[in-house]
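**Student:** My questions concern the predicted model and sequence given below.
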Amino acid sequence: MPVYTTACPRNCYSTCTLRVEVQDGRVRRIEGHRGNRATPEGPCLKGLSYAERVHSPERILHPLRRTAGGSFARVGWDEALDELTQRLQEVRTRHGPRSVLYYSASGTKGLMNRVGADFWRLFGGYTTTYGDLCWPAGLEATRLTLGANKHNAPWDLENAGLIVFWGKNAAETNIHQGVFADRAMRRGAKVVVVDPRRTQTAEGAHLLLQPRPGSDGALALAVARLLVERGAVDRPFVERHVKGYAEYEASLAPYTPAWAAETCGIPEHQVRELAELVATSGPVSINAGYGMQRYANSGQTIRAILTLLVLTGNIGKPGAGWIFADLQSHLFDDVKDPLAFFPPERDDGVARVSISTARLGEGILAQRDPPVRFLWVERGNPVTQNPDTHRVLEAIRSLDFRVVVEQFLTDTAAEADLVLPAKTLFEQTDVIGAYWHPYVQLKQKILEPPGEVRPESEIYWALAERLGIPLSDREGVLPAPGDAEVSAYLERYLAPFPELTLERLAQGPVIAPGHQEVAFSDFVFPTPSGKIELRSEEAVERWGVDPLPGWAPPADREALGLPVRDDGERGAPDPARRDVEWLHFLTPNTKNRIHSQFNNLATIRALSPGPFLQMHPKDAAARGIVPGDRVRIWNDRGELEAPVRLDRGIRPGCVAMTNGWWITEGGTVNVLSPAAETDMGYGAAFHETRVRVGLAPR
């Protein structure tokens with residue numbers, strides 16, 4: 001049986017290299033590839049479940065058209081494309097091309113993804129979004145400080161003396177990293193976890209700190225003050241490589257350990273213990289997750305945490321450094337260009353970049369000259385994953401026509417007028433990077449698409465023909481249908497890199513040209529000053545924040561329109577009424593899904609049959625809730641019902657439900673989240689969500 005080398009293109013740190021065995025047109029076995037030093041142990045359960053996903057009986061294999069009764073009926077490609085052509089011509093004539101909203105997310109990575117935007121430019125224009133749901137506040141904070149988003153190779157973590165997982169549950173969201181952390185621990189390294197939840201990662205830690213949500217920056221600033229007081233600052237490093245240190249040191253005066261303990265709601269001795277470990281346990285590696293950069297103050301929080309490594313000289317050294325995003329393999333992507341990734345509202349005459357991803361629903365409804373009338377969605381499920389689900393639904397339902405390219409009938413696909421069947425990773429060749437390890441990989445085509453499935457690039461080519469876009473306009477921009485044409489398209493992008501050929505990549509992953517195994521080991525920092533910038537004028541000019549890392553409460557709740565009292569009035573809660581206390585609602589990721597993907601598969605559903613609310617027994621007792629109860633979770637945006645699981649591992653005052661559940665599964669957490677942005681990067685402040693919890697009606 002033939003065995004192919006390919007790679008998982010999902011929105012996941014690991015981006016595993018896979019060896020896939022195929023027999024009689026079906027995937028029979030999936031295992032790891034030893035050529036990837038970051039993921040040699042093989043894929044997670046989600047990766048193994050591709051054998052089910054690609055052949056799932058629930059997969060969409062033909063175009064589907066909404067009927068007058070609201071259900072879907074199968075139609076042929078000619079009928080689907082003819083209607084699409086008519087609709088697009090009508091909307092372009094009546095409202096102009098930028099009345100089309102092209103929404104693409106990160107459900108799968110790859111060079112072929114750029115075909116969509118190229119098509120809409122040939123169409124004459126379009127409207128699209130800016131910002132991102134996952135990590136932009138951290139990306140921008142890192143760029144402002146260090147000048148680039150890169151970090152040491154994953155295997156270098158073995159050299160660490162102290163590993164801090166700050167807001168990161170690697171055991172579920174970056175499982176391969178745990179291998180290197182374990183090796184470091186066997187060599188004597190210590191592990192600290194900072195998280196309001198006692199996660200699986202925390203079980204093996206030497207120290208667990210559970211700060212109040214959104215207070216991580218306060219903790220970091222107090223630790224920085226203690227490092228200064230005990231003489232743990234690497235003065236030679238700071239003098240050579242850091243801008244703004246003296247001013248930053250002076251700014252630390254208010255941030256005492258006692259203040260941080262009160263602000264964060266943790267014992268003062270833990271603040272001091274963390275500072276002692278950072279000062280004495282080098283090399284220090286801080287592995288930052290996405291959790292604490294999903295607040296309104298998150299960019300400044302990330303800057304404050306990153307500063308702990310700067311003060312102690314833990315940048316540019318083996319075993320040390322900041323691990324958040326390594327974009328060294330993103331040789332072809334705009335994500336390396338901050339102006340492209342974090343655009344302000346702009347219009348180049350063709351593309352109108354005018355809708356915040358974090359405020360998608362209100363952004364669609366607010367568009368004028370022209371208004372949005374037509375929606376095209378691919379590689380995303382915004383109904384489930386974007387904040388303020390009800391507003392997103394309102395906006396989508398207000399449009400004239402909706403097209404969704406999908407593999408399954410997701411919540412977003414269920415809102416479409418036309419659903420087009422999407423390829424899986426095995427059905428078209430592509431080139432992908434990663435954002436944890438340094439490899440460029442080939443995602444090889446190893447199966448023919450089933451049914452009437454067409455890759456997105458072929459859909460766009462067929463539309464271009466019907467819309468009368470001349471071949472000369474699309475040649476080299478849209479690959480013509482066919483494997484050879486796709487290969488030629490990819491080779492054009494690989495041409496500047498002699499190390500990267502399709503033939504070479506077919507053999508296994510290749511480390512990106514120019515990769516630094518120890519990031520910033522040359523101590524070159526591409527900031528305006530050429531140094532690490534503790535003081536950043538760009539932070540002020542661009543984002544309106546303090547030039548120095550500082551701390552403020554996560555959000556002005558009234559300005560964000562967040563609920564505070566059960567009667568809907570703005571203002572402080574009544575301390576005399578315990579039943580009106582609001583709980584902080586956290587919506588973390590889980591090892592069983594990548595956001596809203598995979599849980600529809602039987603393999604995964606066996607382990608996660610439905611949503612539940614994680615709650616501390618103290619909070620449950622105050623509300624008369626006991627194990628086994630079904631609870632109502634609500635605020636002024638929406639409500640959910642779910643069984644409760646009592647867990648002493650979550651901080652009192654917090655409740656948690658993993659994100660990604662579909663509406664049909666009863667756990668779409670974003671019916672409760674606000675359409676709020678982070679302080680920099682145009683990220684989504686998901687965790688600025690508070691809820692009431694009580695017994696569900698019987």
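**Tutor:** Yes, it's here.
**Student:** quick check: domain ranges of this structure?
**Tutor:** The chain breaks down by automatic domain parsing into domains covering 64-133+336-429+447-474, 136-328+527-543, 557-695.
**Student:** Of these, which shows the lowest average pLDDT?
**Tutor:** The stretch with the lowest mean pLDDT among the domains of the chain is domain 557-695, at a mean of 84.
**Student:** now, of the domains of the chain, which is deepest in the fold?
**Tutor:** Greatest average neighbour count among the domains of the chain goes to domain 136-328+527-543 (a mean of 22), per mean count of other CB atoms under 10 Å. Using the backbone N, CA and C atoms, a C-beta is placed for each residue, glycine as well.
**Student:** That domain spans what distance, first to last residue?
**Tutor:** Terminal residues of domain 136-328+527-543 are spaced 13 Å apart (CA to CA, to the nearest Å).
**Student:** for that domain, the distance to its chain's centre please.
**Tutor:** Computed by CA atoms, centre = their mean, to the nearest Å, the separation of domain 136-328+527-543 from the middle of its chain amounts to 20 Å.
**Student:** do stretch 117-132 as well
**Tutor:** Stretch 117-132 sits 21 Å away from the centroid of its parent chain (CA atoms, centre = their mean).
**Student:** Also stretch 455-462?
**Tutor:** Stretch 455-462 sits 27 Å away from the centroid of its parent chain (CA atoms, centre = their mean).
**Student:** CA atoms only: put that stretch into PDB for me.
**Tutor:** What follows is stretch 455-462, C-alpha atoms only, in PDB (Å, rounded to 0.1, in the frame of the first residue of the first chain):
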ATOM      1  CA  PRO A 455     -11.100  22.700  -4.400                       C
ATOM      2  CA  GLU A 456     -11.800  26.400  -3.900                       C
ATOM      3  CA  SER A 457      -9.300  27.400  -6.600                       C
ATOM      4  CA  GLU A 458     -11.300  25.400  -9.100                       C
ATOM      5  CA  ILE A 459     -14.500  27.000  -8.000                       C
ATOM      6  CA  TYR A 460     -13.000  30.500  -8.500                       C
ATOM      7  CA  TRP A 461     -11.600  29.500 -11.900                       C
ATOM      8  CA  ALA A 462     -15.100  28.300 -13.100                       C
END
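**Student:** What ranges does the stretch 401-550 of the chain have for its helices?
**Tutor:** Applying DSSP state H, counting those that start in this stretch to the stretch 401-550 of the chain gives helices spanning 456-467, 471-474, 483-494, 502-507, 537-543.
**Student:** Can you say which of the domains of the chain is nearest to W551?
**Tutor:** domain 136-328+527-543 (4.1 Å; CB to CB).
**Student:** before we move on, the earlier item: I'd like the domains of the chain written out as a markdown table, with distance to W436 added.
**Tutor:** Below are the domains of the chain laid out as a markdown table (distance: least, CB to CB, whole Å):
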| stretch | distance to W436 |
| --- | --- |
| domain 64-133+336-429+447-474 | 12 |
| domain 136-328+527-543 | 6 |
| domain 557-695 | 14 |
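**Student:** between those domains, which gets nearest to I30?
**Tutor:** Using CB to CB, the domains of the chain put domain 64-133+336-429+447-474 closest to I30, at 10.1 Å.
**Student:** Now the phi/psi pair for V3, please.
**Tutor:** The phi/psi pair for V3 (degrees, to the nearest 10) reads phi -120, psi 130.
**Student:** For it, which residues are in contact?
**Tutor:** Applying CB atoms under 8 Å, 6 or more residues apart in numbering, we find V3 in contact with R19, V20, E21, V22.
**Student:** Reformat those residues as JSON lines; add neighbour count, secondary structure and pLDDT.
**Tutor:** Shown next, in JSON lines, are those (neighbours: other CB atoms under 10 Å; DSSP: H, G, I helix; E, B strand; the rest coil; pLDDT from 0 to 100):
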{"residue": "R19", "neighbour count": "18", "secondary structure": "strand", "pLDDT": "95"}
{"residue": "V20", "neighbour count": "23", "secondary structure": "strand", "pLDDT": "95"}
{"residue": "E21", "neighbour count": "16", "secondary structure": "strand", "pLDDT": "95"}
{"residue": "V22", "neighbour count": "16", "secondary structure": "strand", "pLDDT": "94"}
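**Student:** what would the residues you listed look like in CSV with distance to K109?
**Tutor:** Below are the contacts of V3 laid out as CSV (distance: CB to CB, whole Å):
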residue, distance to K109
R19, 19
V20, 18
E21, 23
V22, 22
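**Student:** Distance to H95 added to the helices of the stretch 401-550 of the chain, as a markdown table?
**Tutor:** Putting the helices of the stretch 401-550 of the chain into a markdown table (distance: least, CB to CB, whole Å) gives the following:
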| stretch | distance to H95 |
| --- | --- |
| helix 456-467 | 16 |
| helix 471-474 | 22 |
| helix 483-494 | 32 |
| helix 502-507 | 42 |
| helix 537-543 | 33 |
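**Student:** Before we go further, Y248 is sitting in a helix, right?
**Tutor:** Yes. Membership of Y248 in a helix is supported by DSSP: H, G, I helix; E, B strand; the rest coil.
**Student:** one step back: I'd like to know which of the helices of the stretch 401-550 of the chain is closest to V233.
**Tutor:** When the helices of the stretch 401-550 of the chain are ranked by proximity to V233, the top entry is helix 537-543, at 21.9 Å, counting by CB to CB.
**Student:** ok so, going back, tell me which of the contacts of V3 is nearest to L207?
**Tutor:** Nearest to L207 among these is R19, at 39.0 Å by CB to CB.
**Student:** from what I can see that closest one touches Y4, true?
**Tutor:** Yes. Applying CB atoms under 8 Å as the test, R19 and Y4 come out as touching, 7.3 Å apart.
**Student:** most centrally placed residue in this structure?
**Tutor:** The residue lying closest to the centre of the chain (CA atoms, centre = their mean) is C134, at 2.7 Å.
**Student:** Which pLDDT value goes with that residue?
**Tutor:** Per-residue pLDDT puts C134 at 85.
**Student:** who touches it in this structure?
**Tutor:** With contacts defined as CB under 8 Å, 6+ apart, C134 is in contact with N11, S106, Y290, G683.
**Student:** hmm, back to that, for Y439, find the nearest of the domains of the chain.
**Tutor:** Among these, domain 136-328+527-543 comes nearest to Y439, with 9.8 Å by CB to CB.
**Student:** Dump the C-alpha coordinates for stretch 422-430 into PDB.
**Tutor:** Extracted as PDB, the C-alpha positions of stretch 422-430 are listed here (Å, rounded to 0.1, in the frame of the first residue of the first chain):
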ATOM      1  CA  ALA A 422     -15.000  21.900   0.300                       C
ATOM      2  CA  LYS A 423     -11.900  19.700  -0.100                       C
ATOM      3  CA  THR A 424     -10.100  18.100   2.800                       C
ATOM      4  CA  LEU A 425      -6.300  18.200   3.300                       C
ATOM      5  CA  PHE A 426      -5.800  15.100   1.300                       C
ATOM      6  CA  GLU A 427      -7.400  16.400  -1.900                       C
ATOM      7  CA  GLN A 428      -5.200  19.200  -3.100                       C
ATOM      8  CA  THR A 429      -1.500  19.900  -2.900                       C
ATOM      9  CA  ASP A 430      -0.400  23.000  -1.000                       C
END
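**Student:** packing partners for the helix ranked longest in the chain?
**Tutor:** The longest helix of the chain (DSSP state H) is helix 77-95. On a contact count with 3 or more CB pairs under 8 Å, 6 or more residues apart in numbering; DSSP states H and E, helix 77-95 meets strand 64-66, strand 100-104, strand 374-378, strand 401-406, strand 418-421, helix 456-467.
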